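A.B. asks: structure of the sequence below:
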Amino acid sequence: AAIDASFINKSGKKTEGLGWFYNGSVSQAQQGLEASLLALIDLKLNTAFAYDVRQTIDQEDKTRIEVYAEQEVELTPQLLEQGIQYLVADAYYSKEKFITPVVKAKLKLIGKLRTDADLLWLYEGEYSGVGRPKKYDGKVYFEKELHRFEQVGSLQEGLDIYSKTVYSKKFKCAIKVVMLRQTSDKQVSRVLLYSTDTELDAMTIIEYYKARFQIEFLFRDAKQHTGLTHCQSRKKEAIHTHLNASLSALNLLELEDQQLKGGNDETVISITSWKRKKFNQHLMEKLF
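C.D. replies: Numbers count the residues shown, from 1 in each chain. The predicted structure follows:
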């Protein structure tokens, strides 16, 4: 499963839930609405299906990250019944107020860290026999202590993968960190991924996080083709219905495309072509 939120333009001043939300298209906060989406990702088909979408409504006693966590926790029993154990989210959701409720609900989280994340080495030495056993072995310095990571392999030339189980002071738990280290022209850059499942291998963490981007295509296609941003109502109940109807229509198109092709392998779907086909079918029915 994957979770993300998307900005929705909305004119007027009386719409319920109207507020300032981050708009990734312009990289700044703007006044409008926001839709929080939980999607299921089919790794074999390499596509996502909308599962639950809700309008983000600010609450006086809760932060927005707590509102997102509340949505996830509420739906977790349904996900677990379907055998879904992992939730993937981008760097924004890497906050203790989101991670703690999700982990407590028995889901395992995969996400992204800041490149300067405050982490601690777990002590791997022997117990001295005196006093309280030592838990930690100092702060993690990624470049100075590269030798303490386990080198897993490389994705391509110059892009190496390192992994290690460490302790996150921010999340207050042990996590499996995967570092993608890029070296080019004497410059070094890195990306840090993590999982609360410390037994999960590094390549699977990378694969799952990469699959997260399928949720972005859901937002794109729904906005461009199934009217996600076209609701003119000011009531939150009507907006909620509209958001779910828009993404449900997209789900049905993807399922029909899959059935028509008659396979369970990865394919490319053109929503534009499907929309034209459906319009022409509707027009022919009207004519005849």
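
A.B. asks: send the alpha carbons of the strand or helix carrying residue 221 over as PDB?
C.D. replies: According to DSSP states H and E, residue 221 maps onto helix 214-225. The C-alpha coordinates for helix 214-225 follow below in PDB (Å, rounded to 0.1, in the frame of the first residue of the first chain):
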ATOM      1  CA  GLN A 214       2.600   4.800  -9.200                       C
ATOM      2  CA  ILE A 215       0.400   6.700  -6.800                       C
ATOM      3  CA  GLU A 216       1.500   9.900  -8.600                       C
ATOM      4  CA  PHE A 217       0.200   8.600 -11.900                       C
ATOM      5  CA  LEU A 218      -3.200   8.100 -10.200                       C
ATOM      6  CA  PHE A 219      -3.400  11.800  -9.300                       C
ATOM      7  CA  ARG A 220      -2.200  12.800 -12.700                       C
ATOM      8  CA  ASP A 221      -4.700  10.700 -14.700                       C
ATOM      9  CA  ALA A 222      -7.600  11.600 -12.400                       C
ATOM     10  CA  LYS A 223      -6.900  15.300 -12.700                       C
ATOM     11  CA  GLN A 224      -6.500  15.200 -16.500                       C
ATOM     12  CA  HIS A 225      -9.200  12.700 -17.500                       C
END
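
A.B. asks: packing partners for it?
C.D. replies: Here helix 214-225 touches strand 2-8, strand 28-42, strand 47-55, helix 236-261, helix 271-287, going by 3 or more Cβ pairs under 8 Å, 6 or more residues apart in numbering; DSSP states H and E. C-beta coordinates here come from the backbone N, C-alpha and C atoms, glycine included.

A.B. asks: show me what it is in contact with.
C.D. replies: Defining contact as Cβ atoms under 8 Å, 6 or more residues apart in numbering, one finds that helix 214-225 is touched by 2-4, 6, 35, 37, 39, 41, 46-48, 50, 228-229, 246-247, 250, 271-272, 275.

A.B. asks: avg pLDDT for that helix?
C.D. replies: Mean per-residue pLDDT for helix 214-225: 94.

A.B. asks: what comes up buried for it?
C.D. replies: 214, 215, 216, 218, 219, 221, 222, 223, 225 (16 or more other Cβ atoms under 10 Å).

A.B. asks: contact partners for residue 21?
C.D. replies: Going by Cβ under 8 Å, 6+ apart, the list of residues near residue 21 reads 5, 7, 29, 30, 32, 33, 34, 56.

A.B. asks: tell me the pLDDT of it.
C.D. replies: Residue 21 is given a pLDDT of 94.

A.B. asks: so it belongs to a helix, correct?
C.D. replies: No - in this structure, residue 21 is strand, not part of a helix, as judged by DSSP: H, G, I helix; E, B strand; the rest coil.

A.B. asks: which stretches in the stretch 51-200 of the chain count as strands?
C.D. replies: 86-88, 108-113, 119-122, 136-139, 150-156, 159-168, 173-184, 187-195 (DSSP state E, counting those that start in this stretch).

A.B. asks: return the most buried member of these.
C.D. replies: strand 86-88 (a mean of 25; mean count of other Cβ atoms under 10 Å).

A.B. asks: state the mean pLDDT of that one.
C.D. replies: Strand 86-88 shows a mean pLDDT of 97 in the predicted model.

A.B. asks: ok now it, how far from the chain's centre?
C.D. replies: 7 Å (Cα atoms, centre = their mean, to the nearest Å).

A.B. asks: which other helices and strands contact it?
C.D. replies: strand 2-8, strand 108-113, helix 202-211.

A.B. asks: redo the ones you listed as JSON lines? Include distance to residue 137 and mean pLDDT.
C.D. replies: Formatted as JSON lines, the helices and strands packed on strand 86-88 follow (distance: least, Cβ to Cβ, whole Å; pLDDT from 0 to 100):
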{"stretch": "strand 2-8", "distance to residue 137": "33", "mean pLDDT": "96"}
{"stretch": "strand 108-113", "distance to residue 137": "19", "mean pLDDT": "96"}
{"stretch": "helix 202-211", "distance to residue 137": "21", "mean pLDDT": "95"}
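
A.B. asks: any idea which of the ones you listed gets closest to residue 141?
C.D. replies: Evaluated over the helices and strands packed on strand 86-88, closeness to residue 141 peaks at strand 108-113, with 14.6 Å, by Cβ to Cβ.

A.B. asks: report all helices and strands that that closest one contacts.
C.D. replies: strand 86-88, helix 96-104, strand 187-195, helix 202-211.
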